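Student: with the sequence up front, the predicted model follows.
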Amino acid sequence: MARRVGILPVPPAQTRRLRIYAMDPLAVGIDNNSIVAPVRYEPLRPGPIGERLEVIDYDPTTDRFYTPVDLDDPHVLAQDGLPPSESDPRFHQQMVYAVASTTLQRFEFALGRRVGWQLRGHRLRIYPHGVQEPNAYFSPELGALVFGYFRAGRSDAGHNLPGGTVFTCLSHDIIAHETTHAVVHGLRDKFTEPTNVDVPAFHEAFADIVAIFQHFSLTGVVEDAIQRTRAQLDAMTPLVELGRQFGEAIGRRGALRSAIGQPPDPAALEHVDEPHERGAILVAAVFAAMIAVYQRRTRDLLRIGTGGTGVLPPGYIAPDLVHRLAKEAAKTARHFLNICIRAIDYCPPIDIEFGEFLRAMITADRDLVPDDPWGYRSALIEAFRERGILPRHVFSLAEDSVVWEPFTANPDQRGLNFSAIRFDRAPYETADPTQYFVLFHRFATRARNQHPFGLDPAVKTQVRSVRPLHRISPDGRIINEIVVELLQAGPQVSDLPGAPPYRGGSTLIVGEHGNVRYAISKRVNDGQRMERQRAYLSDLAAAAGAHNYRKPAFQLTLAHIHRGF
């Protein structure tokens, strides 16, 4: 009898390949708009429904459920998912799942930890056909991404069919934008409280940054843009635009927004309050810094490819040079996106301002990459300066001044026993996640510890979140840290109904040996900040109309902000 030879087990799958649109169904100027996205593999139920994402295709307008796609069907797996289709709701489900998954993956890679939701359930719900209007939004109340569909204009529809149906769930940009809102809400849920003019603008700008910079992971799109612009990526192309199909369908004759704003104006922020317009200034600053570094990184390639002149001759650029330039562009964009995402951990827990985001980016990058030979940080500081985005309480715009000051106080660390913390797990995966909160609550609420952290000893402190992270620096260092979010409730600064509370708080960056490296604070007893918030809320109420005031004027309702996107 023949002997059965032992067979090594088949290794588990790491990725699932799914076909999606690179931009949106009617992307103009792209040779191949259908791409295959590598999505982290997980078993899926029809929907698709995974561990953290749940696609529910219910259309309340027609009161019907569409048949859910089964991405684990062998026939679907064998062809990298369903082929792109505007008319097949199952592809719509596949599209939102794939793009939301890859966006979540990008955050987790940059942050060095698993990302959770600040939602009632464990999964983020996604409704591909959730509303019949030109809108798409993240709803914290529903715990869901809601995508709308609508008819394009009949007289000025751009490349769309006049009167044809436009689905926001088929726009790569819009899906990434809305997923980013949900992730940021999970990281800093108080960023939805409009406490200053930068808060709603930051939410929009950050979501646009993620959506636009993800374009640079699309190799064919980047190479096409380099060929068309002769390596000048700061020209207007699909690479730097967001939501062109949507914009044309509502009569804008172009994309909704672009990473290329108006020429830098140091006074622009003084006159712009609308969230998208104000956020566009922040997007333009980050993108300008990226372009500056890209140009530095590719000067040698251009010299090699042009016989030393650095000036491209007329005509077609050699494919090998295009490929190398595209590779550098993608790498540079990926680095900047990682810097932006990591900066969230270095932001105060409430009342974010653009200048504080700059300080967070510089500090986060300097911690991970002390050497900066290409000048990423100087490019960011200069681009922000040119647009009048200046941080408060800094001595100068030198890098050493812009970074957050290291925490140097000597708080009482009795009771802070780091042997109880396991750095190989996220807190919500442990058997007893309360151990983290008990540990830091005991430490942070000691009256003698609160003053160094920018907290008021007379006010109750809430430990809002505790998040261990693990990062590997370019030089191979393994960095284990904990990000702790502490909040305090202050006095009510406005007697208008529905006004958000005045809060204070601090973000602690704690090293693996128990050393508090940074305490990034907003003091609850800061009289000047209190007056700024009071004045801002008064302006919001006045804008809503003294005789037509409603509570939503004080709520950062993304559904309202995104109407017409």
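Tutor: Structure's in. What do you need?

Student: isn't residue 221 up against residue 22?
Tutor: Yes. Residue 221 is within contact range of residue 22, at 5.8 Å (criterion: C-beta atoms under 8 Å). Quick note: C-beta positions are derived from backbone N, CA and C, even for glycine.

Student: more neighbours, these two?
Tutor: Set side by side, residue 221 and residue 22 show more neighbours around residue 221, with 24 against 21, by other C-beta atoms under 10 Å.

Student: in the stretch 101-250 of the chain, which spans are helices?
Tutor: 172-187, 198-213, 219-229, 244-249 (DSSP state H, counting those that start in this stretch).

Student: mind checking which of those is nearest residue 152?
Tutor: For the helices of the stretch 101-250 of the chain, distance to residue 152 was read as C-beta to C-beta. The smallest value, 3.9 Å, belongs to helix 244-249.

Student: export the helices of the stretch 101-250 of the chain to CSV and append columns for mean pLDDT and distance to residue 532.
Tutor: Output for the helices of the stretch 101-250 of the chain, formatted as CSV (pLDDT from 0 to 100; distance: least, C-beta to C-beta, whole Å):
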stretch, mean pLDDT, distance to residue 532
helix 172-187, 93, 22
helix 198-213, 93, 11
helix 219-229, 87, 41
helix 244-249, 75, 34
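
Student: how about JSON lines for those, with distance to residue 493 added?
Tutor: As requested, these are exported to JSON lines (distance: least, C-beta to C-beta, whole Å):
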{"stretch": "helix 172-187", "distance to residue 493": "23"}
{"stretch": "helix 198-213", "distance to residue 493": "15"}
{"stretch": "helix 219-229", "distance to residue 493": "47"}
{"stretch": "helix 244-249", "distance to residue 493": "38"}
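
Student: so which of those is nearest residue 143?
Tutor: Of all these, helix 172-187 sits nearest to residue 143, with 8.6 Å by C-beta to C-beta.

Student: using PDB, list the CA coordinates for the closest one.
Tutor: Only the C-alpha atoms of helix 172-187 are listed here, as PDB (Å, rounded to 0.1, in the frame of the first residue of the first chain):
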ATOM      1  CA  HIS A 172     -13.100  56.400  -5.300                       C
ATOM      2  CA  ASP A 173     -12.500  59.900  -4.000                       C
ATOM      3  CA  ILE A 174     -15.800  60.300  -2.200                       C
ATOM      4  CA  ILE A 175     -15.600  56.900  -0.600                       C
ATOM      5  CA  ALA A 176     -12.100  57.600   0.700                       C
ATOM      6  CA  HIS A 177     -13.200  61.000   1.900                       C
ATOM      7  CA  GLU A 178     -16.200  59.700   3.800                       C
ATOM      8  CA  THR A 179     -14.200  56.700   5.300                       C
ATOM      9  CA  THR A 180     -11.700  59.200   6.500                       C
ATOM     10  CA  HIS A 181     -14.400  61.100   8.400                       C
ATOM     11  CA  ALA A 182     -15.400  57.900  10.200                       C
ATOM     12  CA  VAL A 183     -11.800  57.100  11.100                       C
ATOM     13  CA  VAL A 184     -11.000  60.600  12.400                       C
ATOM     14  CA  HIS A 185     -14.200  60.400  14.400                       C
ATOM     15  CA  GLY A 186     -12.900  57.200  16.000                       C
ATOM     16  CA  LEU A 187      -9.500  58.800  16.800                       C
END
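
Student: now do that helix: distance to the chain's middle.
Tutor: 6 Å (C-alpha atoms, centre = their mean, to the nearest Å).

Student: which outside residues touch stretch 284-303?
Tutor: Here stretch 284-303 makes contact (C-beta atoms under 8 Å, 6 or more residues apart in numbering) with 209, 212-213, 231, 233-234, 240, 259-262, 264, 309-312, 321, 324-325, 328-329, 331-333, 335-336, 340, 374-376, 379-380, 382-384, 386-387, 389.
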